[in-house]
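Colleague: Predicted model follows, preceded by the sequence.
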Amino acid sequence: MDFRDSPDEAAFRRQARAWLEANAPLRDPHQVEPGVFENWPDAAQMQAARDWQRRKHDAGWAGVFWPPEYGGRGGTIMQQIIWNQEERRVLTPPAVLLMGQGHVGYTLLAHGTAEQKQRWLPPTLRGEYAWCQLFSEPGAGSDFAALACAARREGDHWRIRGEKIWISDGAYADVGFLVTRTDPDGPKHKGLTCFVVDMRAPGVTVRDVRHPNGGSHFSHVRFDDLRVPDADRVGAVDDGWRVALTTLMYERFFVGAWGSSGAFGGPQLRHLIELAGRCEVGGRPALQDDAVRQRLAAFTVRARAIEHMSYRVLTTVSQGGIPGPEGSIVKMEFARLSQEMTNLGLELMGPAAMLDGADAPLAGVFQAALLENPCMRIAGGTDEIQRTIIAERLLGLPQESHVPRDLPFRDLPRGGGWRPMA
Amino acid sequence: MDFRDSPDEAAFRRQARAWLEANAPLRDPHQVEPGVFENWPDAAQMQAARDWQRRKHDAGWAGVFWPPEYGGRGGTIMQQIIWNQEERRVLTPPAVLLMGQGHVGYTLLAHGTAEQKQRWLPPTLRGEYAWCQLFSEPGAGSDFAALACAARREGDHWRIRGEKIWISDGAYADVGFLVTRTDPDGPKHKGLTCFVVDMRAPGVTVRDVRHPNGGSHFSHVRFDDLRVPDADRVGAVDDGWRVALTTLMYERFFVGAWGSSGAFGGPQLRHLIELAGRCEVGGRPALQDDAVRQRLAAFTVRARAIEHMSYRVLTTVSQGGIPGPEGSIVKMEFARLSQEMTNLGLELMGPAAMLDGADAPLAGVFQAALLENPCMRIAGGTDEIQRTIIAERLLGLPQESHVPRDLPFRDLPRGGGWRPMA
Amino acid sequence: MDFAYTAAQTALAGELAALFGRFAAPPRLRAWADAGIAAFDGELWQALADQRWLGLGLTPTHGGRGLGTDELTLAACEAGRALAPVPLVATLLAGEALKAIPRPAQLGALAAGDLRVALCLPPPGRLTPTVSVLDGRVSGALLPVVDGLLADAVLCADAAGNAWLVDLRGDGVRRRQLATLDLAHTAAELVLTDQPALALGPAGPWRDRAAILSAFEQLGGAQRCLDLAVAYARERYAFGQPIGAFQAVKHKLAALHVEIELARANAYFGAYALAEGEPGILAEAAALARASATDIYLLAAQESLHVHGGVGFTWACEAHLHLRRARALEAALGSAALWRERLLGKAAVPAQA
Amino acid sequence: MDFAYTAAQTALAGELAALFGRFAAPPRLRAWADAGIAAFDGELWQALADQRWLGLGLTPTHGGRGLGTDELTLAACEAGRALAPVPLVATLLAGEALKAIPRPAQLGALAAGDLRVALCLPPPGRLTPTVSVLDGRVSGALLPVVDGLLADAVLCADAAGNAWLVDLRGDGVRRRQLATLDLAHTAAELVLTDQPALALGPAGPWRDRAAILSAFEQLGGAQRCLDLAVAYARERYAFGQPIGAFQAVKHKLAALHVEIELARANAYFGAYALAEGEPGILAEAAALARASATDIYLLAAQESLHVHGGVGFTWACEAHLHLRRARALEAALGSAALWRERLLGKAAVPAQA
């Protein structure tokens, strides 16, 4: 029962840390980090991100878990996670190339042909391809399998027509990983097909979707008869649900593992404690108010529980397994915790909570979080979707069925209830 | 915007109070009252309850809202509520005859024939009939309309076969108000029929169902070919759902009005504050701990909100209306509040919380509440049932439907979602 | 037992709602934010004056409607629901204050819309900025003052706990605009030097009245958040049915409804106390009303946004405007926790030793 | 990274669960309560001794299995799940204490089941009863002592904060049975006069170890409550489908599962700290584990009962036995709030001035 590195893991960590510290300055852990839903990077930031990626690649640190034939290091997935943890300790350009090396890359590794992998993966590791994931639609969010964006076959090409939304990185992506509907006559989970598309091609229109904070992070993407060669199809025709599930599984997995990096909870909790030291409640320092102390302590208990939960997920990985929906717990509970911490922070500020930006305490980090937290509870699967998955897959509870109101009484499914004591 | 008595109401209250104070001693409001789910009364208590009822009847105070032709006072429903409030101020025998004069009585007033009312109502007001309500079944609790207890017609009689459970007052009831299934081929809400049954008749077996506190409050009732004359049928054949809904509406209504009597929250909150004055948290009196103070204050805010909510319900009544599902709010939220107050009480006691009865603080009133509170959240409609009713009836949210998993995509019902800003 | 608004009062609220509806705030608030324009709807303000809404509680002699405090609570509720970018609640409250002194001249100006009032009555504490008074003239800094950027007067408290209505039109006023979370109202730092002011007596009862009116404003906002979520839950399909048919959404909305109705019940007690005017009842009712309403507006805004799913986290969705406003209203007069603690001080529980 | 039990450890837990299963507690607890018999399963205790479960952490020389602290946490978890009416956790903890002194003679007795240990380490406070020690002999009153009615020794603290294992077999012991909420364990008042005792050093680390083991006991109980509710929700139909298909029930159970897994994660950190033994880590881990597990056992018991609907409020349903036990376990070692406050004292936040 030990959450510390095994000797092998520790050796790898030392090696990674040495290279990182030699190549980038340390990050100030007390620095307020820009939120997840800030504006997308400008051209200079994009170039810096590509340069940093190239530097890692050339030193053999890109794609730690990827096979060497595609430019990867050929390591274990545990090593990938250790690398990710260590990379967070140093100051790097915005992590806008993450998706291609993360869940989209893994999906291609799992479902792409050898030719496709050779074509897409090495340039991705060299920082030449920024990816976006084209899944959600205005009519298909939580019910992702209800997506309607249509692909119609025309000889050796496909013609794509439809729209996608909530596309992170959409504004600057080079390539996109797209799920389409190819058979509208089948049940909704059947009849989906995946493609890789060129985001600069004619027929692709990318527009901002503005965030509650007024900035732009997401995009709306419209496809007007985009032509995609059949060679860019990933997986079999009408088998796209299975392919997309791989993406979603890896997304959940990396979020679950992320908890161990200290990125969850730690900095926000530190800000909150700092704030509680400066604010007052009823004429006394807030840190002397038992009610405030209880809430701070409860957040600490919860943040640590999420961290320890993340170690449990990593242990599964370390032992060669793939974690199931347990990984969702980390994401869901962190989002809820973060929202609660934000609420306390703003409450403690008193009148100053109505201010924003530079006029607000701590440069408005809690005001920014107020508008970001709700999104964390929605993006990547709402609390409700997560609970359904946990209940059905982990607890074995049944799916909802439906009994018509006019069913004859004698045909009503029934069972259970009180029985006399034995 | 005034929750105080109108001049007419105040006059009636003075009159009622004068009679009550002349006929019974005042109740000590600080006295710990026996819980709702205690053992049923013994023969002496039953007799005392009948005597008290007879005394009220003879003085013209029984059935304040009932028509004079059935022995009532012919007053308003608001006067009935004022009477109930005032009667709580004095010390009376256990209120075991309440049901007949409450929701069952009102149902008979609304749906009984003139002959039936004449036969059942006056003796009820004289204290001669203790009633029970025979609704729930082992297979029909929250889904009450799924009840199976069968009534089969045989000429001018019916033959009843089946079982009922969670019957309050079942152990000593003289008569019961029964809902049965008369048409198993119809939808479950159709095909129900109501009867009044003699609880002492052959074919009726009443057994205790023991409560988590070890005592008996509820009964299980079995009908083995009980014969009931058709003259004791209430309402039309197969129209029992409508009749039973009247009962449930009045039950909800009286619970909703009850909040105004101070019976909700007040005494428990007083106990809790008394306890907080005697216990310590971290070496200091609990009443000086801000976290405890915040919880006590939150309970106060909530108890008062429930009380004020109850005034809103009463205003509807006072103006001649019948409150809808709003009445449920009082019951549901009081049950939840009570549970939370109990939880704090036991937490504050420290090690003594593990004790019971005379060995426990405040004679174990919080330990008793621990085992009673959960029942309050279940009896009379669970929290979940109440929320569904509120959402569908007050907010107009749709009932659940069901879409088969294999429905073709193009037939999927759809709508709503993101649209570009105008 | 008459714990409800009359039909006439409810109809009046409907009229005001219709007026706010014609000047629909959300698109304006977004446009002003983008253009960097200070939030204040001058046309709406003029319409409120023209239709004598600003003089709701003032006599017809002063250009008012001569109605009671119940009507003030309804106006606050509608202003909250509509996110009305005008200092209506503070101005109505100032009207009550001026009536009590009484000051006929100012009352006329107030009813005519020529006296826009800002409110600055944060809960007292070591760090609360207060002003000092010498010979009836007020000096000092107030920060942050909601609507302080363009107000003609501010209702505030001095260190001794007395309330003042300070004229902001003289030379001794410096204003600095502050960046705000709330898009519906500006905030400013005011530096006052020897500004003339009217003495309003002890600040406590004015803070309590403000708390009760703000509770109605919060309640109106909370109700709007629920209405938006209910409408979306009925129209938005997922898994083949409206999301409002799923218990996860349905019960969440039912629970919000319950919380709103409970908060409304405590707010009604506040309305009763406003009419009664007795300081002890006022203090208790303010704590009850404000504690309930603060919590529910914050929760309703947060969960309304959540029920909107992806649509909720867009600039175009009204929910975030309420999330911002709910925080600003909490900030201006103190958190639910502070009002709860005040309640205990008043109740059976002994104050902290 | 090895933050999990080994397969061998999990198998061992399964063996113990099977043993508890053969002596199924719930019907016995109900029967004893009806008959007024003090809760203790002597046959189960003998079986635990015979199969060397009582010496889990002791060397084979002393009749033990020579296993580590991880195995103790598993045993505590299974005892909690089974509502085992035996003083297993206290006795295992006493074994660790006796190993540390070391006292071979007592270790043999303990492994053989001849030394039943009660635990009385409530959180320190003004009102906490403590004993005094003179020449290694202990006097004073302890109240309430779980399992104190039939224990052979009690692990308790004196006013100076030192822990003692006091012999309860001499003449200087008066015991008075107390009525208990928990049906699985007795409680007693013990009045001690000059009883011999073994000094165990500072009480703090023993309280922390007890807290960690009790967290596992709470976790086992919480898991059982969830399992019962899940089973019932799958079998019970309403409105034509199993109630577990309704999101109101389904999501409630999912949320409980999440809370249990988070509490388990903090408990694992407790297991790590038990093995490490460093007092600072032990104190932090005890607070984290115990705060999480106390809250979740109370909630799981309450909501498991609720999901059982009408069946939940019967004497026959296991849920109320856990509701009682959850309260008793909270009471014995202090509420989650107390452990949270202790955590803050240890963490970055300065203690109360």
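Modeller: That came through, no problem. Numbering: from 1, shown residues only, chains lettered A, B, ... in the order given.

Colleague: Could you tell me how many residues sit around the residue in the stretch 1-150 of chain C positioned nearest to chain D?
Modeller: Using Cβ to the nearest Cβ, residue C:126 is the residue of the stretch 1-150 of chain C that sits closest to chain D, at 14.3 Å. C-beta here means a position set from N, CA and C on the backbone, and glycine is covered the same way. Residues lying near residue C:126 (other Cβ atoms under 10 Å in any protein chain shown) number 9.

Colleague: Repeat that for residue A:202.
Modeller: Other residues lying near residue A:202 total 10 when counted by other Cβ under 10 Å.

Colleague: Over to residue C:303?
Modeller: Other residues within reach of residue C:303, judged by other Cβ under 10 Å, total 23.

Colleague: for it, what are its contacts?
Modeller: Remark: with contacts taken as Cβ atoms under 8 Å, 6 or more residues apart in numbering or on different chains, residue C:303 is in contact with C:225, C:229, C:252, C:256.

Colleague: next structured bit after the host helix or strand of the last one?
Modeller: Spelled out, that is residue C:256. Residue C:256 is part of helix C:247-276, with elements assigned from DSSP states H and E. Taking DSSP H and E as the definition, the helix or strand that follows helix C:247-276 towards the C-terminus is helix C:279-307.

Colleague: quick check, distance from the following helix or strand past that next one to the centre of its chain.
Modeller: If you walk from helix C:279-307 toward the C-terminus, the next helix or strand you reach (DSSP H and E) is helix C:309-312. Relative to its chain's centre, helix C:309-312 lies at 27 Å (Cα atoms, centre = their mean, to the nearest Å).

Colleague: The helix or strand just after helix C:309-312 to helix C:279-307, inter-axis angle?
Modeller: Next in sequence after helix C:309-312, counting helices and strands by DSSP H and E, comes helix C:319-333. Helix C:319-333 and helix C:279-307 meet at an angle of 160 degrees, taking axes from the mean of the first three to the mean of the last three Cα atoms, to 10 degrees as the criterion.

Colleague: and helix C:319-333 with chain B, contact?
Modeller: No - Helix C:319-333 lies apart from chain B when judged by Cβ under 8 Å from any Cβ of the partner chain; the minimum separation is 13.5 Å.

Colleague: Rounded mean pLDDT for that helix, please.
Modeller: Mean pLDDT, computed over helix C:319-333, is 98.

Colleague: tell me which strands and helices the following helix or strand past that helix is in contact with?
Modeller: Proceeding N to C from helix C:319-333, the next assigned helix or strand is helix C:336-346, under DSSP H and E. For helix C:336-346, the helices and strands in contact under the criterion 3 or more Cβ pairs under 8 Å, 6 or more residues apart in numbering or on different chains; DSSP states H and E are helix B:290-318, helix C:279-307.

Colleague: Among the contacts of residue C:303, which pair sits farthest apart?
Modeller: Put simply, by Cβ to Cβ the two of these set farthest apart are C:225 and C:252, 12.1 Å from each other.

Colleague: Which of the two has more residues huddled nearby?
Modeller: Regarding residue C:225 and residue C:252, a neighbour count based on other Cβ under 10 Å identifies residue C:225 as having more, with 31 against 22.

Colleague: ok, that one to chain B distance?
Modeller: Remark: distance between residue C:225 and chain B (Cβ to the nearest Cβ, to the nearest Å) = 13 Å.

Colleague: likewise residue C:150?
Modeller: Noted for residue C:150: a distance of 28 Å to chain B, by Cβ to the nearest Cβ.

Colleague: Please apply the same query to residue C:73.
Modeller: 8 Å.

Colleague: tell me, how many neighbours does that residue end up with?
Modeller: Residues near residue C:73, counting by other Cβ under 10 Å, number 31.
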